[in-house]
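**Q** Next comes the sequence, and after it the predicted model I'd like to discuss.
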Amino acid sequence: MPDPVARSWRESLGLIPAIREIFGVVTHVAGDRPSPLLTDRIADAMTFLAVEPVMLWRHDWWAAEAEASAIELVFLGGAWLEEDVLIAALAGAGQGYDVRLMADLAVARRQEDRQLVINRLALHGIETTTLRQTMLEWASCIDDLATIRRVQQLLS
């Protein structure tokens, strides 16, 4: 992974603990923990599922969690965008979930394929966003000035 991409990915991953602390949202990770990129603080804010990303929707945990929580909206990111993330996003949309691509958390193995994947996902109704944009949207929906300011300070 090129240094600028890794740096940007690490920066966005660094927001994961704040997502949990501020909004109570737990990040679920399909596959093994990519230890070189995750600090213990980030990893502690995540749950790791022993499942291949392309098989996420068929995993027993997902079925139970989706039913218990009435999940409708799913945010996806990770490596590799043009492989694991693409297939997981298309499968989720095909099952009726509102899927969003977290562009800042989606790493392409081949940068020249990145925009092609984003365009293809858009054809299936999968919108692209970033963790930063999502945090600001969630904060504004809470309608709590202290939370909005906390998020703005965190992102500045």
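**A** Thanks, I have it.

**Q** Roughly how far does Gly77 sit from Gln153?
**A** Distance from Gly77 to Gln153, counting by C-beta to C-beta, to the nearest Å: 23 Å. Quick note: C-beta positions are derived from backbone N, CA and C, even for glycine.

**Q** repeat for Arg120
**A** The gap separating Arg120 from Gln153 is 36 Å, by C-beta to C-beta.

**Q** Same question for Glu112.
**A** Going from Glu112 to Gln153 by C-beta to C-beta gives 37 Å.

**Q** Pretty sure Phe75 sits against Arg100.
**A** Yes: using C-beta atoms under 8 Å, Phe75 is in contact with Arg100, at 4.9 Å.

**Q** what do the two both touch?
**A** 129, 134 (C-beta atoms under 8 Å, 6 or more residues apart in numbering).

**Q** of those two, who's got more company?
**A** Each of Phe75 and Arg100 has its neighbours counted (other C-beta atoms under 10 Å); Arg100 has more, 21 against 16.

**Q** Run me through the strand neighbours of the helix or strand that the more buried one is a member of, direction for each.
**A** Secondary structure from DSSP states H and E places Arg100 in strand 98-107. Here strand 98-107 has these sheet partners by DSSP bridges: strand 73-79 (parallel), strand 127-129 (parallel).

**Q** can you redo those strands as TSV with mean pLDDT and distance to Ala45?
**A** Below are the strands paired with strand 98-107 laid out as TSV (pLDDT from 0 to 100; distance: least, C-beta to C-beta, whole Å):
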stretch	mean pLDDT	distance to Ala45
strand 73-79	87	14
strand 127-129	96	19
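
**Q** Can you say which of those is packed in most?
**A** strand 73-79 (a mean of 18; mean count of other C-beta atoms under 10 Å).

**Q** Start from the N-terminal end of the protein and give the helices.
**A** 3-13, 16-23, 40-44, 60-69, 86-94, 111-123, 131-142, 145-155 (DSSP state H).
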